[in-house]
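Engineer: could you look at this predicted model? Sequence included:
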Amino acid sequence: MCLTRIVHGLAKNSSIWWFSAQCGTLGISACKAIAANMEVNRRLCCITLGGPYFNEECLSVVSAATAKNPMIQIMGLAYQICRSMALEIRDSLRRNMSMMLQAVEFVLAPTVSKVEAQAFEKYKENPFYHLKQGKPTIS
């Protein structure tokens with residue numbers, strides 16, 4: 001219950017870009033709160049949750065939210081066996097990282113493409129993007 005409250009608070013706090021928690025149990029309400037947070041908070045780039053195993057229902061909820069949020073770059077969570085939802089999360093993270101790297105290319109390249117320019121517009125305020133460029137970020 002405490003984790004759910006913290007995650008609801010994260011949805012309202014756009015200054016936090018990295019969230020990490022160790023917890024013993026993770027119910028569907030906490031997973032839904034995490035998913036809702038990911039859909040609202042576009043500054044959050046990295047989420048690591050240690051301790052509990054995600055069941056199929058939790059993975060499904062978090063996977064759907066990850067697919068909708070292009071800012072999420074790193075996600076650490078535990079699940080017991082290889083599940084299709086975990087693979088979907090991995091694919092979403094790979095897509096997000098690829099898009100962010102296009103934004104980095106936009107800044108570094110002497111000539112730019114439309115795709116790189118669009119990626120730059122999406123990520124120019126993202127703290128993880130600045131970290132990838134080697135620029136200091138405001139935490």
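Structural biologist: Great, that's in hand.
Engineer: please count neighbours and contacts with C-alpha atoms only from this point.
Structural biologist: OK.
Engineer: wait, A33 sits on T4?
Structural biologist: Yes. Judged on CA atoms under 8 Å, A33 makes contact with T4 at a distance of 6.0 Å.
Engineer: quick check: longest strand of the chain.
Structural biologist: strand 46-53 (DSSP state E).
Engineer: give me the residues contacting that one.
Structural biologist: 17-26, 72-80 (CA atoms under 8 Å, 6 or more residues apart in numbering).
Engineer: next SSE downstream of the longest helix anywhere in the chain?
Structural biologist: Longest among the helix segments of the chain by residue count, using DSSP state H, is helix 84-108. The first helix or strand that comes after helix 84-108 along the chain, using DSSP states H and E, is helix 114-123.
Engineer: pull out the buried positions in that next one.
Structural biologist: Applying a neighbour-count criterion of 16 or more other CA atoms under 10 Å, one finds 116-117, 119-120, 123 buried in helix 114-123.
Engineer: buried stuff in the next helix-or-strand element following it?
Structural biologist: Under the assignment DSSP H and E, the closest C-terminal helix or strand after helix 114-123 is helix 127-133. For helix 127-133, the neighbour count (16+ other CA under 10 Å) marks 127-130 as buried.
Engineer: and stretch 78-95, by the same measure?
Structural biologist: 85-86, 88-90, 92-93, 95.
Engineer: what lies in contact with that stretch?
Structural biologist: Stretch 78-95 has contacts (CA under 8 Å, 6+ apart) with 49-56, 59-60, 62-63, 66-67, 70, 72-75.
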